[in-house]
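A.B. asks: Need a 3D model of the following:
(chains A, B, C and D)
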Number of protein chains: 2
Amino acid sequence: MLDTTDKKLINLLQNDCKQTTKQLSLQLNLSVTAVYERIKKLEKERIIKKYVALINKNKIEKSFLVFCHIKLIQHSKEFVTTFEREILKLEEVSECFHVSGDYDYILKIYVKDMDEYRDFMVTKLTAIKYIGSTHSTFAIEEVKNTSSIII
Amino acid sequence: MLDTTDKKLINLLQNDCKQTTKQLSLQLNLSVTAVYERIKKLEKERIIKKYVALINKNKIEKSFLVFCHIKLIQHSKEFVTTFEREILKLEEVSECFHVSGDYDYILKIYVKDMDEYRDFMVTKLTAIKYIGSTHSTFAIEEVKNTSSIII
DNA sequence: ATATAATTTAGATTTTTTTTCTAATTTTGA
DNA sequence: TCAAAATTAGAAAAAAAATCTAAATTATAT
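C.D. replies: Predicted structure coming up:
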């Protein structure tokens, strides 16, 4: 199981994974090897899934964020699997969750602007079969946006 | 501006930022130094924001995901800033966006289970002043969940 | 079109970091 | 309490990052 040191280490790496083991060792009051072995263990156990670069979306013209709520016309196995397979192909969709409530799916979509979103809706999203209705909610401001979970 | 090589490099790093410059150089048909200099430039221009470890939420007992829609009782400057300041303090909230539509905010909240969510709602979230109403939508399945934007 | 400047790239070298190894220490469980 | 297992530390080796110089490419102005 994870002890306090593991949790601290995970939190440090969720915030900056390019720190050297030396830097981490100083913050954790451990030796370089101790930190190294703990990291290897976390990677092996797949608690650490991957290491990624986070991109400033403003600088690559993908700062228009839309939450798109989608309802399918029916919930048969075929409809669900077809829809989900098609969604995976759309690179504008960064997240898609099957959810409870009025709508079946919530999608997080990054595009350049409203024009590009309209284009995405018309040519890509609504081209997917079995979509009953959609409801788009536009982000006005990013209050908090972190990839990390403090543990 | 970003050329095709930069874009390829960004996409590679968004997927795995721990690759050596040697590995990247082979995929991009460039020398090690060329890749190195391009990365440094992307970091300096803040196109690459940061490097982080992504954690498997199932393994740390934070696999219960809720989208919480919140409406404030009023939209005055004071209400908005107070609410946003308090939200930033809540570690269960990984994302919070001010949005258009029926609700003012969409929050993405990771907790252990429904019990922990109820506890979070009662003791933390609704303790914040100025919240008018909330509507919780629960994730049934993660179809797609990526931190990257393909460019 | 051509010379000049600026940028990008390559290869070699130095510096830093990672990884491995061995031994010591601590923790766990019978 | 004692033995086994796991964790840790420090040193050494291997690998990678960072730096430097020079060459090549690209862009710019004339």
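A.B. asks: tell me the pLDDT at A:Glu141?
C.D. replies: Looking at A:Glu141, its pLDDT reads 97.
A.B. asks: now swap in A:Lys129 and tell me
C.D. replies: Per-residue confidence (pLDDT) for A:Lys129: 86.
A.B. asks: what's it sitting at in phi/psi?
C.D. replies: Backbone torsions for A:Lys129, taken as degrees, to the nearest 10, come to phi -70, psi 160.
A.B. asks: Correct me if wrong: it contacts A:Thr82.
C.D. replies: Yes - using C-beta atoms under 8 Å, A:Lys129 is in contact with A:Thr82, at 6.3 Å. Where you see a C-beta, it was placed from the backbone N, CA and C, and this is true even at glycine.
A.B. asks: Tell me where chain A has strands.
C.D. replies: With strands called from DSSP state E, chain A shows them at A:48-55, A:64-72, A:93-99, A:105-111, A:131-145.
A.B. asks: Can you spell out which helices and strands pack onto the first one?
C.D. replies: In terms of contact count using 3 or more C-beta pairs under 8 Å, 6 or more residues apart in numbering or on different chains; DSSP states H and E, strand A:48-55 is assigned the packing partners helix B:4-15, strand B:48-55.
A.B. asks: want to throw the ones you listed into TSV with mean pLDDT?
C.D. replies: As requested, the helices and strands packed on strand A:48-55 are exported to TSV (pLDDT from 0 to 100):
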stretch	mean pLDDT
helix B:4-15	94
strand B:48-55	96
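A.B. asks: winner for burial among the ones you listed?
C.D. replies: Most buried of these by mean neighbour count (mean count of other C-beta atoms under 10 Å in any protein chain shown) is strand B:48-55; its value is a mean of 21.
A.B. asks: Any residue of it touching DNA strand C?
C.D. replies: No - judged by C-beta under 7 Å from any atom of the strand, strand B:48-55 stays clear of DNA strand C, getting no closer than 11.4 Å.
A.B. asks: between A:Lys129 and A:Thr82, which one's more packed in?
C.D. replies: Taking other C-beta atoms under 10 Å in any protein chain shown, A:Lys129 and A:Thr82 do not tie; A:Thr82 has more neighbours (15 against 12).
A.B. asks: Leaving out chain neighbours, which residue sits closest to A:Ile70?
C.D. replies: A:Tyr105 (4.4 Å; C-beta to C-beta, 6 or more residues apart in numbering or on different chains).
A.B. asks: Could you check how far that neighbour is from A:Glu84?
C.D. replies: Counting by C-beta to C-beta, to the nearest Å, the separation of A:Tyr105 from A:Glu84 is 9 Å.
A.B. asks: the more surrounded of these two?
C.D. replies: Set A:Tyr105 next to A:Glu84 and count neighbours by other C-beta under 10 Å: A:Tyr105 wins out with 23 against 16.
A.B. asks: what about that one, distance to A:Lys41?
C.D. replies: 36 Å.
A.B. asks: And stretch A:121-136, how far out from the chain middle?
C.D. replies: Distance of stretch A:121-136 from its chain centroid, counting by C-alpha atoms, centre = their mean, to the nearest Å, is 21 Å.
A.B. asks: what's it in contact with?
C.D. replies: A:66-74, A:79, A:82-83, A:86-87, A:90, A:92, A:103, A:117, B:101 (C-beta atoms under 8 Å, 6 or more residues apart in numbering or on different chains).
A.B. asks: end-to-end on that stretch?
C.D. replies: 10 Å (C-alpha to C-alpha, to the nearest Å).
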